[in-house]
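> need coordinates for the below:
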Amino acid sequence: MAEAYIVAATRTAGGRRGGRLSGWHPVDLAATVIDSLVERIDVDPAAVDDVVLGCVSQVAEQSTNVARNAVLASKLPESVPGTSIDRQCGSSQQALHFAAQAVISGTMDIVVAGGVESMSRVPMFTPSSLPAKNGMGYYMSPRIRARYSMPEGEFSQFVGAETMARKYGLSRRQLDEYALLSHRRASAASRNGSFEAEILPVEVRFADGSGDGELHTIDEGIRFDATLDGIGAVKLLQEGGCISAANASQICDGATGVVVVSEQALKDHGLKPLARVHHMSVLGHDPVIVLEAPIPATARALKKAGMRIDDIDLFEVNEAFASVPLAWLQATGADPERMNVNGGAIALGHPLGASGTKLMTTLIHALIQRGKRYGLQTMCEGAGMANVTIVERL
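Numbering: from 1, shown residues only. The predicted structure is shown next:
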């Protein structure tokens, strides 16, 4: 069977809401990542067959096919097309899947897959809340409401996070301890240079236009002085619950991307693969609990790949809320020392549509640095879905 290879992977360091990337137009930020990826593989830009970008809030500056707009803002020729993907938080992971599927099918040889999200400039929920406020309706249709007995409610990730914690017997302290671990691992990775190979330095641009030419190279959300007491002091999102902003992912600005190529492209352009795409799948699950899908999706992916959980050397499980990776560990029996070894979204941020290839970039570089072979990535997605990708380092 034909194979798909990843030959380049990079990301911007995460920017906090209103922070060091908030002055970047998301199209230009994505274009900067695209340019860097093409420079890294050193091929004729016209050889790129397509650009597939994930983005969740496809409105305002991220509207009207953000992927094509990023191509037009980049150094790629106009002949290179682009298309935008919305699979909620798994959008750029799905972009990677579509790129790999195109390469495996033989219809394309070089595809840029990635994602972008400026949560400072296009706030979360804008695509649904803005039209609703202007009398244009809401995505929860009468049939959906009837099927899930929700006459007035909606699918809520916050409710799902609390439900996950209760279902898997997770306490506030456990969630806070995990959040502290995320910050400590991210702090260590940042200090020891583990992120240097994957981070693309870009100019600091605040929303007011300031920046003074400084380069943004360190994930802005990492709390290098985080303590359990400090995390525990943050107000709960729901009275009687256990989820707080401190044990959930951070709102984040960022762009990420990978280059996926065929074996023919490896030969034609003399490219060196970083990893091979070993398996890719996606699964739908309960949209009310929303966040549990990575658990059955992982089991299904391992079965389809003919692998066991212990065959995987490193895992990236998106830290949308601390209850998600902790429940995933409990259900899968995976070694916690192999999961999110450089921290996750609680410390590094979760730029929604960019997070899929962000996690993949970190996973590939961690496999390289640690001399490991197989990595598995999964994340919960809106309306109860989860993508799973298994890669083999080469």
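> what comes up buried for the helix or strand of the chain with the lowest mean pLDDT?
Lowest mean confidence among the helices and strands of the chain (mean pLDDT, DSSP states H and E): helix 126-133, at a mean of 92. The neighbour-count check on helix 126-133 (16 or more other CB atoms under 10 Å) flags 126-128 as buried. Quick note: C-beta positions are derived from backbone N, CA and C, even for glycine.
> what's the strand or helix carrying residue 53 in contact with?
In this structure, residue 53 is located in strand 50-54 according to DSSP states H and E. With contacts defined as CB atoms under 8 Å, 6 or more residues apart in numbering, strand 50-54 is touched by 30, 34, 66-68, 70-71, 76, 80-87, 90-95, 98-99, 102, 108, 111-116, 257, 353-354, 356-357.
> C-alpha coordinates for it, PDB please?
This file holds the C-alpha atoms of strand 50-54, laid out as PDB (Å, rounded to 0.1, in the frame of the first residue of the first chain):
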ATOM      1  CA  ASP A  50      -2.700  21.800  -1.900                       C
ATOM      2  CA  VAL A  51      -2.900  23.600   1.500                       C
ATOM      3  CA  VAL A  52      -5.400  22.200   4.000                       C
ATOM      4  CA  LEU A  53      -5.900  24.300   7.100                       C
ATOM      5  CA  GLY A  54      -8.100  23.700  10.200                       C
END
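> show me what the helix or strand that that strand is followed by is packed up against.
Counting by DSSP H and E, the next helix or strand C-terminal to strand 50-54 is helix 66-73. Applying 3 or more CB pairs under 8 Å, 6 or more residues apart in numbering; DSSP states H and E, we find helix 66-73 packed against helix 26-41, strand 50-54, strand 82-85.
> residue contacts, the residue lying closest to residue 285 once chain neighbours are set aside?
Distances taken as CB to CB, 6 or more residues apart in numbering put residue 293 closest to residue 285, at 3.7 Å, once the chain neighbours are dropped. Residues near residue 293 by CB under 8 Å, 6+ apart: 283-286, 380-381, 384-386.
> next: residue 118.
Neighbours of residue 118 in contact, by CB under 8 Å, 6+ apart: 21-22, 24-26, 29, 61-62, 253.
> ok, it to residue 94 distance?
Distance of residue 118 to residue 94, given as CB to CB, to the nearest Å: 20 Å.
> hmm, residue 329 is touching residue 340, no?
No - contact criterion CB atoms under 8 Å: residue 329 and residue 340 do not qualify, at 10.0 Å.
> quick one: which of the two has more around it?
Neighbours were tallied for residue 329 and for residue 340 using other CB atoms under 10 Å; the higher tally belongs to residue 340 (27 against 19).
> torsion angles phi and psi at that one?
Residue 340 adopts backbone torsions of phi 50, psi 50, taken as degrees, to the nearest 10.
> list the contacts for it?
Contacts of residue 340 by CB under 8 Å, 6+ apart are 182, 185, 315-317, 319, 325.
> distance of it from residue 349?
13 Å.
> repeat for residue 205
For residue 205, the distance to residue 349 equals 17 Å [CB to CB].
> neighbour count for the two, which is higher?
residue 349 (31 against 22).
> picking up where we left off before, who does the least confident helix or strand of the chain touch, helix- and strand-wise?
Using 3+ CB pairs under 8 Å, 6+ apart: helix 126-133 touches no other helix or strand.
> a markdown table please, covering the buried residues of helix 126-133 and showing distance to residue 149.
Converted to a markdown table, these look like this (distance: CB to CB, whole Å):
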| residue | distance to residue 149 |
| --- | --- |
| 126 | 28 |
| 127 | 25 |
| 128 | 21 |
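> dump the residue contacts of the nearest residue to residue 237 once chain neighbours are set aside.
Once flanking residues are discounted, residue 237 sits nearest to residue 243: 5.1 Å by CB to CB, 6+ apart. Residues near residue 243 by CB under 8 Å, 6+ apart: 158, 161-162, 165, 175, 236-237, 321-323.
> now swap in residue 117 and tell me
So residue 117 contacts 26, 55-57, 62, 252-255, 351-355 (CB under 8 Å, 6+ apart).
> SS state for it?
strand (DSSP: H, G, I helix; E, B strand; the rest coil).
> does it have beta-bridge partners, and which?
On the basis of DSSP bridges, residue 117 takes part in beta bridges with residue 254.
> from residue 16, how far off is it?
Taken as CB to CB, the span from residue 117 to residue 16 is 13 Å.
> before we move on, what about residue 121?
13 Å.
> more crowded one of those two?
residue 121 (22 against 18).
> now the more buried one: which helix or strand?
Judged by DSSP H and E, residue 121 forms part of no helix or strand.
> doesn't residue 57 make contact with it?
No - between residue 121 and residue 57 there is no contact under CB under 8 Å: 9.4 Å.
> wait, is residue 288 part of a strand?
No - counting by three-state DSSP, one finds residue 288 to be coil, located in no strand.
> can we start the residue count at 8 from this point?
Fine by me, first position is 8 from now on; the one you just mentioned is residue 295.
> from residue 136, how far out is it?
In terms of CB to CB, residue 295 sits 20 Å off from residue 136.
> name the residues contacting each of residue 128 and residue 23.
residue 260.
> leaving out sequence neighbours, find the closest residue to residue 79.
In space, residue 79 is closest to residue 85, 7.1 Å off (CB to CB, 6+ apart).
> that older thread, top of the contacts of residue 347 by neighbour count?
Neighbour counts for the contacts of residue 347, by other CB under 10 Å, peak at residue 326, which reaches 31 neighbours.
> that residue in helix, strand or coil?
coil.
> dump the residue contacts of it.
Contacts here follow CB under 8 Å, 6+ apart; on that basis residue 326 touches 189, 256, 332, 347, 351-353, 357.
> mind putting the contacts of residue 347 into TSV with secondary structure and distance to residue 280?
As requested, the contacts of residue 347 are exported to TSV (DSSP: H, G, I helix; E, B strand; the rest coil; distance: CB to CB, whole Å):
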residue	secondary structure	distance to residue 280
189	helix	30
192	helix	27
322	strand	21
323	strand	19
324	strand	25
326	coil	28
332	helix	29
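> between the residues you listed, which sits nearest residue 316?
When those are compared for distance to residue 316 (CB to CB), residue 322 wins out at 8.9 Å.
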